[in-house]
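Trainee: my questions concern the predicted model and sequence given below.
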Amino acid sequence: MQADVGSVPGGRKLHYLQALRAIAALLVVADHASAQIMGTAGTPAWFKQFGWFLGEQGVAIFFVISGFIMAYTTKNDFGSPRSAARFLLRRMIRVIPLYWIFTVLAASLIASGLWLSGRSVHIADLLPSLFFIPYGDGPMRPLLGQGWTLNYEMAFYAVFAFCMLFPRRLGTALAAALLLFAVACGNALNPVMEGLDPATGLSFFLAPYLVLFVVGIVAGEFAARGHALRVEHTLLKILALLAISITIYVVWKPPFQELPWRMLFWSFCSLAVLISVSPGQQAHGCESVRLFEHLGDSSYSLYLSHVFVLYGLSKAWRILIGDPGFLFIPVAFIVCSACAVPIFRFVERPMYLSLQRFFKVGASSDRAKRKAAVAAAGA
């Protein structure tokens, strides 16, 4: 959700990967939208769990994409402390500013009693939320609930930046090994077979979600070497994987957080990412995914803003129509997406580009340095 996946070295835009980001964000929207209709007439008891299932698949896709993009786009940046520092700075200015804006908004609404009434806000809540430190009991969520995934993202960026100090092949292998070792250690604290939420900060950062970054790293490493799946009808196959996953859940309603089921569903998510970076369909035939692709550009704004939009939409729905039913979910897709696009265009993107220029870590400055180096070599 946070990676810059619009284009990769060489200028080739990963159209279907952008579209997949939009699908992943909409799965998270479906999760939180389904919570708004629980308790209304005709809503089965298992539907809330189904919403959680959809949200987890969206998060899994985001994590695999993140691992892929970090490995694929940094293939010439290993072996240098300067490159590692630039990488980490880029990630920070990409993730932090917009997240802080919405976290402060959440804290303000909670403190005023307009949102999540009954919950209080203290400095002990705000600071860990702003600085990606898991805290609290139970699921260990920050003030902006979906921000828990950013705790993993920032931890992954820190590990990856450290590994960039080494030559590329050693660095990517070390990153994957460290993440897998962390999961193995985490299993001793919080057995993954039980599917329990982490109860401490340590067990939180050693959770099985780290495996998804490893899958992305491996895929990115293979793609950087020119190895990739060649797939026709890319979007259709991605949607088919999603349909198969949903069908399995609806028919069997399995405990999807337990390891065997998690591995099954996460394999679908991983395969969707691998299909989305297929080289055979990237340069043409993208009209059918243009809408998803544009929404994918706004997926980080959508991910962070949608809970506020859903809250307002549900309030208006109850006043104007009554209790929201299943129709609320597709309407939520449209309204949340419509709000995310201007946030991306007028807040997220200008702010990110300004910070890139200020810290001189933008793609344009990189190209200028490469041109200068070529000119100097020619001289």
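Mentor: Structure's in. What do you need?

Trainee: helices of the stretch 1-150 of the chain, start to end?
Mentor: 15-37, 47-73, 81-112, 123-130, 148-163 (DSSP state H, counting those that start in this stretch).

Trainee: okay if I get these as JSON lines plus distance to Phe308, mean neighbour count and mean pLDDT?
Mentor: (Each C-beta comes from the backbone N, C-alpha and C, glycine too.) Putting the helices of the stretch 1-150 of the chain into JSON lines (distance: least, Cβ to Cβ, whole Å; neighbours: other Cβ atoms under 10 Å; pLDDT from 0 to 100) gives the following:
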{"stretch": "helix 15-37", "distance to Phe308": "11", "mean neighbour count": "24", "mean pLDDT": "95"}
{"stretch": "helix 47-73", "distance to Phe308": "17", "mean neighbour count": "24", "mean pLDDT": "96"}
{"stretch": "helix 81-112", "distance to Phe308": "7", "mean neighbour count": "17", "mean pLDDT": "96"}
{"stretch": "helix 123-130", "distance to Phe308": "15", "mean neighbour count": "16", "mean pLDDT": "92"}
{"stretch": "helix 148-163", "distance to Phe308": "17", "mean neighbour count": "21", "mean pLDDT": "98"}
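
Trainee: of these, which approaches Glu293 most closely?
Mentor: Comparison of the helices of the stretch 1-150 of the chain against Glu293 by Cβ to Cβ identifies helix 15-37 as nearest, at 4.5 Å.

Trainee: distance of Gly147 from Val211?
Mentor: 21 Å (Cβ to Cβ, to the nearest Å).

Trainee: same deal with Lys237?
Mentor: Using Cβ to Cβ, we find Lys237 at a distance of 23 Å from Val211.

Trainee: go on, Leu144?
Mentor: 25 Å.

Trainee: compute the first-to-last residue distance for stretch 335-350.
Mentor: Using Cα to Cα, to the nearest Å, one end of stretch 335-350 lies 23 Å from the other.

Trainee: chain center to it, what's the gap?
Mentor: Centroid displacement of stretch 335-350 relative to its chain, using Cα atoms, centre = their mean, to the nearest Å, is 17 Å.

Trainee: so what touches it?
Mentor: The contact list for stretch 335-350, computed with Cβ atoms under 8 Å, 6 or more residues apart in numbering, reads 26, 29, 98, 101, 294-295, 297-302, 305-306, 309-310, 313.

Trainee: show me those residues that map onto helices.
Mentor: Here DSSP state H is the test, and those give 26, 29, 98, 101, 294-295, 297, 299-302, 305-306, 309-310, 313 as lying in helices.

Trainee: tell me which of the helices of the stretch 1-150 of the chain approaches Gln257 most closely.
Mentor: Closest approach to Gln257 among these is made by helix 47-73 (7.6 Å; Cβ to Cβ).

Trainee: who does that closest one touch, helix- and strand-wise?
Mentor: On a contact count with 3 or more Cβ pairs under 8 Å, 6 or more residues apart in numbering; DSSP states H and E, helix 47-73 meets helix 15-37, helix 148-163, helix 210-224, helix 234-252, helix 259-276.

Trainee: from Asp125, how far off is the residue nearest to Gly201 when sequence neighbours are not counted?
Mentor: Using Cβ to Cβ, 6 or more residues apart in numbering and skipping the chain neighbours, the partner closest in space to Gly201 is Pro134 (4.9 Å). Pro134 is 12 Å from Asp125, where distance means Cβ to Cβ.

Trainee: check Leu165 too.
Mentor: Applying Cβ to Cβ, the value for Leu165 to Asp125 is 35 Å.

Trainee: residues contacting Phe50?
Mentor: By Cβ under 8 Å, 6+ apart, Phe50 lies in contact with Ser34, Tyr249, Val250.

Trainee: a markdown table for the helices of the stretch 1-150 of the chain, including distance to Glu221?
Mentor: Shown next, in a markdown table, are the helices of the stretch 1-150 of the chain (distance: least, Cβ to Cβ, whole Å):
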| stretch | distance to Glu221 |
| --- | --- |
| helix 15-37 | 16 |
| helix 47-73 | 5 |
| helix 81-112 | 16 |
| helix 123-130 | 33 |
| helix 148-163 | 12 |
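
Trainee: between those helices, which gets nearest to Ser270?
Mentor: Here helix 47-73 is closest among the helices of the stretch 1-150 of the chain (Cβ to Cβ), at 5.3 Å.

Trainee: on that earlier part again, nearest to Ile334, out of the helices of the stretch 1-150 of the chain?
Mentor: Nearest of those to Ile334, taken as Cβ to Cβ: helix 15-37 at 10.3 Å.

Trainee: what is the closest one packed up against?
Mentor: On a contact count with 3+ Cβ pairs under 8 Å, 6+ apart, helix 15-37 meets helix 47-73, helix 234-252, helix 259-276, helix 290-297, helix 299-320, helix 328-343.
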